[in-house]
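# What follows is a predicted structure for the sequence shown.
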Amino acid sequence: MTLDVLPIGHSARIVAVDWPALVPEEGRRLRALGLEEGARVAVSHRGVLWGKDPMAITVGRMTVAVRRAHAAAMKVEMLQGAGA
């Protein structure tokens, strides 16, 4: 599954990122925020309008806003347990 469809409140690990699908500057920003292979993440919130943008993603102890298109480039595996 990809990060954009991960249910709110569930924890997952990023297993792959389609870096070529992202603009290089966006890829560097996401890496700087810790959104890369191996990172543990959870969806905290989705926007309420049209495309549900932006999404609030918890990475470690911080929460970052990402576009749904960026989250769609990240393949994740859900971790055991229901919560984050």
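That came in fine, so what should we check first?
# State the distance from residue 9 to residue 42.
According to Cβ to Cβ, to the nearest Å, residue 9 and residue 42 sit 7 Å apart. The C-beta positions use only the backbone N, C-alpha and C, and glycine is treated the same way.
# Then residue 69?
For residue 69, the distance to residue 42 equals 19 Å [Cβ to Cβ].
# Okay, and residue 34 sits in which element?
Under DSSP states H and E, no helix or strand contains residue 34.
# typed the wrong thing, it's residue 58
strand 55-59.
# what packs against that strand?
strand 40-46, strand 62-66, helix 68-72 (3 or more Cβ pairs under 8 Å, 6 or more residues apart in numbering; DSSP states H and E).
# okay, the angle between it and strand 40-46?
Angle of strand 55-59 versus strand 40-46, following axes from the mean of the first three to the mean of the last three Cα atoms, to 10 degrees, is 150 degrees.
# Would you mind listing the buried residues in strand 55-59?
Neighbour-count burial for strand 55-59, counted by 16 or more other Cβ atoms under 10 Å, picks out 55, 57-59.
# mind checking the SS state of residue 12?
strand (DSSP: H, G, I helix; E, B strand; the rest coil).
# pretty sure it is touching residue 74, no?
No: Residue 12 lies out of contact with residue 74 (Cβ atoms under 8 Å); the separation is 9.2 Å.
# So between the two, which is more surrounded?
The neighbour comparison of residue 12 against residue 74 (other Cβ atoms under 10 Å) goes to residue 74, with 27 against 22.
# so how many other residues sit close to the nearest residue to the more buried one once chain neighbours are set aside?
Using Cβ to Cβ, 6 or more residues apart in numbering and skipping the chain neighbours, the partner closest in space to residue 74 is residue 3 (4.2 Å). A total of 23 residues lie near residue 3 under the criterion other Cβ under 10 Å.
# Wait, residue 3 touches residue 41, no?
Yes: if you go by Cβ under 8 Å, residue 3 and residue 41 touch, sitting 6.6 Å apart.
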